[in-house]
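**Q** Sequence and computational prediction follow.
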Amino acid sequence: MTIQEKINTAFNSNTSNTGLVHLNNEQANTFIDYIKNESVILKNARIKKMSAPMEKIAKIGVWEDIFHPANTWERLSEGNRISVNGEEITLVTKEIMAEVKVLDDEIEDNIEGENFNETLMRLISKKWANQLERVALYSRKADWWDGIASLFDGYVKEIKKSWNVVDATLENDRFISKEKLSKMYKWIATKYRSGLNKFYMPNDVAIDYESLYETGMNDISKKWAFGVGFENVPLMSIERAVKVSGGAETTLSLDAVKWENTIKVTSTTNLSSGKDITIALDQDKEFTTQITDVNGTTKVVTLAENLPFSYLKDDTNENTISEVTRDWADVILTENSNLIWGIQRDITIETERSARERATYFVVTMRCDFAVENPEAASLLENVKVK
């Protein structure tokens, strides 16, 4: 029996000619669990396994007062009655696809096992979970392009809607400290604080925090603050763009065209080859790249990468160009169940054998969405710099 035949047999597939496999509910649930277990953020998030592309789910928080004076033989007045919560969140899944390469050696080492299909799903999910975690964190809905990060609004963007944001550039320095975490904590209304259970931060930021307090004459914990534990997230970025204070800044003088690698600006003052710039900083179409050439006469700036979006010169949300450094990290404070990952069980896996590479390509298709149940019950520390 060939590797392709064994793969199809493992999934009880009768489509050996195409290699297309529709996972049954049990297999889909197993695959979802494997992805979740390979991701720090998604492992902690509330998973909503969906049976349709759109589902409304009730918010589970209870924020109002519940108890009231009791009068014998009388029901509570209508105004004092409370359900779990009348509000709903609408999850609308989008189809995403991943192509995962698994070497024959990885397959053959496990191919005789009784649970070969689960082994395959574990191999695939391990390679796919990293991208999904970054998308869950940082995606922003924008005009479609060839990256799935423009299909969703990720957790960072959703939390910023609450305005519970501490900007490290406005503090004495941009490094992590207990004082900054204290501001994050106090940004959240007291009625939401009892459920807070995680500070999510990049590994390097967690190391800086530990180094800051390990030699001092104090009893500050290096693993938690205000009763809330730290969760190190290796895939949280420490290279996001932050504006250079006093750096170059200009605007588009001509609409910029998607896939082009040049823009025309109103001023080239302080712009030069080698500098990093961001178009539409902190907006949905944010794009960071490096300058490779500046023509001071025509005011045309050549970029190291092609534009993923078109930009309108008269739209203030997308026409600004700022000089940046790529050294921004985030810290998130929230309750685990406040982060939601909605995912449909309708998952397909199609295989393609590459004899030359001694590998099999697995093309995985699924539909999912991400949401924050209550952005006000979370806060964000942004623009943190790693030492």
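**A** Thanks, I have the structure now.

**Q** Show me what whichever helix or strand Gln290 is part of is packed against.
**A** In this structure, Gln290 is located in strand 287-295 according to DSSP states H and E. Here strand 287-295 touches strand 276-279, strand 300-303, going by 3 or more CB pairs under 8 Å, 6 or more residues apart in numbering; DSSP states H and E. From N, CA and C alone the C-beta is placed, and that goes for glycine too.

**Q** Show me what counts as buried in that strand.
**A** Phe287, Thr288, Thr289, Ile291, Val294 (16 or more other CB atoms under 10 Å).

**Q** swap in stretch 314-326?
**A** Buried residues in stretch 314-326, defined by neighbour count with 16+ other CB under 10 Å: Glu318, Asn319, Thr320, Ile321, Ser322, Glu323, Val324, Thr325.

**Q** List the contacts of the spatially most central residue of the chain.
**A** Central residue of the chain (CA atoms, centre = their mean): Leu137, 1.6 Å from the mean position. Counting by CB atoms under 8 Å, 6 or more residues apart in numbering, Leu137 makes contact with Ile41, Gly154, Tyr155, Val156, Leu235, Met236, Ser237.

**Q** what does Lys223 give?
**A** Going by CB under 8 Å, 6+ apart, Lys223 touches Glu210, Gly229, Phe230.

**Q** Could you chop the protein up by domain?
**A** Domain assignment for the chain, taken from automatic domain parsing, gives 3-59+83-151+340-364, 155-238+329-337+377-384, 240-327.

**Q** what about Thr30, neighbour count?
**A** Thr30: 17 surrounding residues under other CB atoms under 10 Å.

**Q** oh, I was asking about Glu376
**A** 19.

**Q** where do the strands sit along the stretch 51-200 of the chain?
**A** For the stretch 51-200 of the chain, the strands defined by DSSP state E, counting those that start in this stretch cover 54-58, 88-92, 94-103, 165-167, 198-201.

**Q** Could you single out the most deeply buried of these?
**A** strand 198-201 (a mean of 25; mean count of other CB atoms under 10 Å).

**Q** residues of whichever helix or strand comes after it that come out buried?
**A** Per DSSP H and E, the first helix or strand lying C-terminal to strand 198-201 is helix 203-213. Buried residues in helix 203-213, counted by 16+ other CB under 10 Å: Asp204, Val205, Ala206, Ile207, Asp208, Tyr209, Leu212.

**Q** got it, and stretch 22-36?
**A** Neighbour-count burial for stretch 22-36 flags Leu23, Gln27, Ala28, Thr30, Phe31, Ile32, Asp33, Tyr34, Ile35, Lys36 (criterion: 16+ other CB under 10 Å).

**Q** ok now whichever strand or helix holds the fourth one, how far from the chain's centre?
**A** When you say that, I think you mean Thr30. Here Thr30 sits within helix 25-37, counting by DSSP H and E. Relative to the centre of its chain, helix 25-37 is centred 19 Å away, using CA atoms, centre = their mean, to the nearest Å.

**Q** For it, which helices and strands make contact with it?
**A** Helices and strands touching helix 25-37, as assessed by 3+ CB pairs under 8 Å, 6+ apart, comprise helix 40-44, strand 46-50, helix 116-138.

**Q** Next, the angle helix 116-138 makes with it.
**A** Orientation check (axes from the mean of the first three to the mean of the last three CA atoms, to 10 degrees): helix 25-37 against helix 116-138 gives 50 degrees.

**Q** And for helix 25-37, what's in contact with it?
**A** Taking contacts as CB under 8 Å, 6+ apart, the residues outside helix 25-37 that touch it are 11, 23, 42-43, 45, 47, 49, 117-118, 121-122, 124-126, 128-129, 132, 341, 343, 345-347.

**Q** can you do 7 Å?
**A** Helix 25-37 is contacted by residues 11, 23, 42-43, 47, 49, 117-118, 121-122, 125, 128-129, 132, 343, 345, 347 when judged by CB atoms under 7 Å, 6 or more residues apart in numbering.

**Q** so how many other residues sit close to the residue nearest to Leu254 when sequence neighbours are not counted?
**A** Once flanking residues are discounted, Leu254 sits nearest to Lys264: 4.0 Å by CB to CB, 6 or more residues apart in numbering. Lys264 has 15 neighbours, counted by other CB under 10 Å.
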